[in-house]
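Novice: below are the sequence and a predicted model for it; my questions follow.
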Amino acid sequence: MKLKNNSIENEQLANNRGWKEKNEKYLTNLQKFLDATDSIKDKELQRHIIGRMLKCDLVLTEIAESEIQKAKENKQV
């Protein structure tokens with residue numbers, strides 16, 4: 001059951017992230033970051049660095065989405 005809930009949650013997250021993932025500036029900079037990590041010879045370190053950056057990206061995205069939601073709610077009042 002938890003797996004199904006996670007699947008639904010992941011689908012909702014993917015739908016909500018469209019605004020970011022369609023942004024050319026974001027995609028360009030993400031690609032530059034990934035290109036830069038290609039030069040890291042230690043593949044475990046490379047995966048760790050990419051993973052940490054993606055976690056930071058997720059936190060920042062959640063903050064942005066929360067602020068957007070607050071702004072929308074304040075406009076409707």
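Specialist: Noted; the coordinates are in hand. Numbering: from 1, shown residues only.
Novice: elements contacting the top helix by length along the chain?
Specialist: Longest helix in the chain by number of residues (criterion: DSSP state H): helix 43-76. Where contact means 3 or more CB pairs under 8 Å, 6 or more residues apart in numbering; DSSP states H and E, helix 43-76 is packed against helix 24-37. The way it works is simple: take the backbone N, C-alpha and C, and place the C-beta from them, glycine included.
Novice: the helix it packs on - contacts with which helices or strands?
Specialist: By 3+ CB pairs under 8 Å, 6+ apart, helix 24-37 packs against helix 43-76.
Novice: chain center to the helix it packs on, what's the gap?
Specialist: 5 Å (CA atoms, centre = their mean, to the nearest Å).
Novice: avg pLDDT for it?
Specialist: For helix 43-76, mean pLDDT rounds to 93.
Novice: count the residues that sit near residue 75.
Specialist: Residue 75 has 7 neighbours, counted by other CB atoms under 10 Å.
Novice: residue 69 versus that one, what's the distance?
Specialist: 11 Å (CB to CB, to the nearest Å).
Novice: repeat that for residue 35.
Specialist: As judged by CB to CB, residue 35 and residue 69 stand 33 Å apart.
Novice: the most centrally placed residue in the chain and residue 75: what is the separation?
Specialist: With distances taken as CA atoms, centre = their mean, the residue of the chain nearest its centroid is residue 58 (3.9 Å). Residue 58 sits 26 Å away from residue 75, taking CB to CB as the criterion.
Novice: do the same with residue 43
Specialist: Where residue 75 is concerned, residue 43 sits at a distance of 47 Å (CB to CB).
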